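**Q** here are the coordinates; sequence isn't available:
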DNA sequence: ATAAGTTGATTACCTTATGTAACTTACTAT
DNA sequence: ATAGTAAGTTACATAAGGTAATCAACTTAT
């Protein structure tokens, strides 16, 4: 099963964004450079999967990884230009969510 | 593991879009009402998962399902207002993909 | 009448993907 | 020595997804 009529570039982009956690991780990094454990606790993702995602995003040129050999070691993750260019997409989703997603029992966020 | 600092509405929206195939199905329906098998062959998704996704999207008020008891039965899927309101998001992704995704061995689409 | 075909789904069965928790490396502080 | 820290990794269990066969309900072909 592989014969869509949809633009392959779009498909690639969608398959990136539609991988679980990826959008959230990028969104989180929009607020600036962060370390592994910061991302992990902010996003609520398991270490294993975060590790996978970051490797993936690095390979795709969306995320940059920098190692500082202090003790204990510090590793910083940030968005590349390509990564930052996803901001409009994430903002559009954020926007949509504030119009169309009901709060239900959820709390709300600052922006609400 | 569940204690993010991210807006719950945004999280909900992202969890919708970051479910595999969902974005592609909605994108496909942007071009108008379609039947099960049309979506299936256009998107390249298995019948099982498409069935799941459509049920999901119907419950979330993104997709509308109409049954015409002809023979064989005809069932039409279309976007609701909520569904259509996702167009800017999908277009933004499309846009991004044309700027940042390389063609590699892929073909290209009309828009390229 | 019996067999074959249609659409939208579902079922059984197998392979990935994700979650949990324990463990690793390398070095510091007690 | 012992414990602690950051960033992962590993082993193991559960959930999600893919494939192919099958179903319901009705029509057309033989």
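**A** Right, received. Where do you want to start? Everything numeric in this text was worked out from a predicted model, so none of it was measured.
**Q** Just the buried positions in stretch A:49-65, please.
**A** For stretch A:49-65, the neighbour count (16 or more other C-beta atoms under 10 Å in any protein chain shown) marks A:50, A:53-54, A:57, A:60, A:62-64 as buried. (Each C-beta comes from the backbone N, C-alpha and C, glycine too.)
**Q** Just the ones in helices from these, please.
**A** A:50, A:53-54, A:57 (DSSP state H).
**Q** pLDDT and distance to residue B:43 added to those, as JSON lines?
**A** Formatted as JSON lines, these follow (pLDDT from 0 to 100; distance: C-beta to C-beta, whole Å):
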{"residue": "A:50", "pLDDT": "97", "distance to residue B:43": "29"}
{"residue": "A:53", "pLDDT": "97", "distance to residue B:43": "24"}
{"residue": "A:54", "pLDDT": "97", "distance to residue B:43": "29"}
{"residue": "A:57", "pLDDT": "97", "distance to residue B:43": "25"}
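**Q** Can you lay out the buried residues of stretch A:49-65 as JSON lines showing distance to residue B:33?
**A** As requested, the buried residues of stretch A:49-65 are arranged in JSON lines below (distance: C-beta to C-beta, whole Å):
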{"residue": "A:50", "distance to residue B:33": "40"}
{"residue": "A:53", "distance to residue B:33": "36"}
{"residue": "A:54", "distance to residue B:33": "40"}
{"residue": "A:57", "distance to residue B:33": "36"}
{"residue": "A:60", "distance to residue B:33": "35"}
{"residue": "A:62", "distance to residue B:33": "35"}
{"residue": "A:63", "distance to residue B:33": "39"}
{"residue": "A:64", "distance to residue B:33": "44"}
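**Q** Closest to residue A:87 out of those?
**A** Checking the buried residues of stretch A:49-65 against residue A:87 by C-beta to C-beta gives residue A:62 as the nearest, at 11.8 Å.
**Q** Torsion angles phi and psi at the closest one?
**A** With angles defined as degrees, to the nearest 10, residue A:62 shows backbone torsions of phi -100, psi -30.
**Q** Kindly report the same for residue A:34.
**A** Dihedral angles (degrees, to the nearest 10) for residue A:34: phi -150, psi 160.
**Q** Tell me which residues touch it, please.
**A** A:28, A:42, A:76-78 (C-beta atoms under 8 Å, 6 or more residues apart in numbering or on different chains).
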